[in-house]
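Novice: Sequence and predicted model, in that order:
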Amino acid sequence: MDFLDAHAEALRGFDELVHRIGRDQWADPTPCTEWTVRDLLGHLVYEQLWAPDLLDGATVEQVGDRYDGEQLGDHPVRRWETASRAARQAFENTSRETVHVSFGEIPLEDYGWQMTGDLAVHGWDLAVAIGADYRVGDALAEDLLAELGPQVSGWQGGGIFAAPVETGPDATPSDRLVALLGRDPGLTRARL
């Protein structure tokens, strides 16, 4: 699947989970030990807010601190909807071949796959946090493993992900993906 189709699937999955967050779950813990449910959504909103600028050719320096600080306000779901819709439209409409990110200029597809991976894996994080039944679809997980797998070792140790977790030979593609990115596929809300 190409990155636009993969991105659409990951975005849909995360969006469905956002709309399942209960009123009393915003302060609940997530598998990302430093973040509550609200913090996790704030991270994804932050990432989505950057996308239109970067996909329009702006550099990180040009965007500056425009999106720093608390972005969710009193209506976090609405803020997610607005930011994610704008990011998706930017991906669909960009004519750029490269994107400026914090570590330099990268191919558009690399940025797209990174954003897709962020949505998919944090979708799993959010599902665990709110007690929802969710896993990354097999085809999407396989594509993310192929696209992101070679890059993961460079991200570990930089605080982005924990060390990979071992899985058994019968692990699903979703379980292998979240394990590669430092999550225990057997984690449940009760164990947070």
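Specialist: Perfect, thanks for sending it. Numbers count the residues shown, from 1 in each chain.
Novice: worst-scoring helix or strand of this protein, pLDDT-wise?
Specialist: helix 138-155 (a mean of 88; mean pLDDT, DSSP states H and E).
Novice: Need the residues that contact that helix.
Specialist: For helix 138-155, contacts defined as Cβ atoms under 8 Å, 6 or more residues apart in numbering pick out 1, 3, 6, 9-10, 113-114, 116-117, 120, 135-136, 161, 164, 172-174, 176-177, 180-181. In this view, the C-beta of every residue, glycine as well, is placed from N, C-alpha and C.
Novice: got it, and stretch 58-65?
Specialist: So stretch 58-65 is contacted by 50, 53-54, 100-102 (Cβ under 8 Å, 6+ apart).
Novice: same deal with stretch 92-112?
Specialist: With contact meaning Cβ under 8 Å, 6+ apart, stretch 92-112 is reached by 3-4, 6-7, 54-60, 91.
Novice: taking these one by one, which sit in helices?
Specialist: 3-4, 6-7, 54-55, 60, 91 (DSSP state H).
Novice: Can you flag the buried ones in these?
Specialist: Buried by 16 or more other Cβ atoms under 10 Å: 3, 6-7, 54-55, 91, out of the ones in helices among the contacts of stretch 92-112.
Novice: now stretch 183-192, how far from the centre of its chain.
Specialist: Stretch 183-192 has its C-alpha centroid displaced from the chain centroid by 18 Å (Cα atoms, centre = their mean, to the nearest Å).
Novice: and which of the contacts of stretch 58-65 is nearest to Leu126?
Specialist: Trp50 (19.5 Å; Cβ to Cβ).
Novice: Relative to its centre, which residue of the chain is most distant?
Specialist: In the chain, Pro169 marks the outermost C-alpha relative to the chain mean, sitting 25.8 Å out by Cα atoms, centre = their mean.
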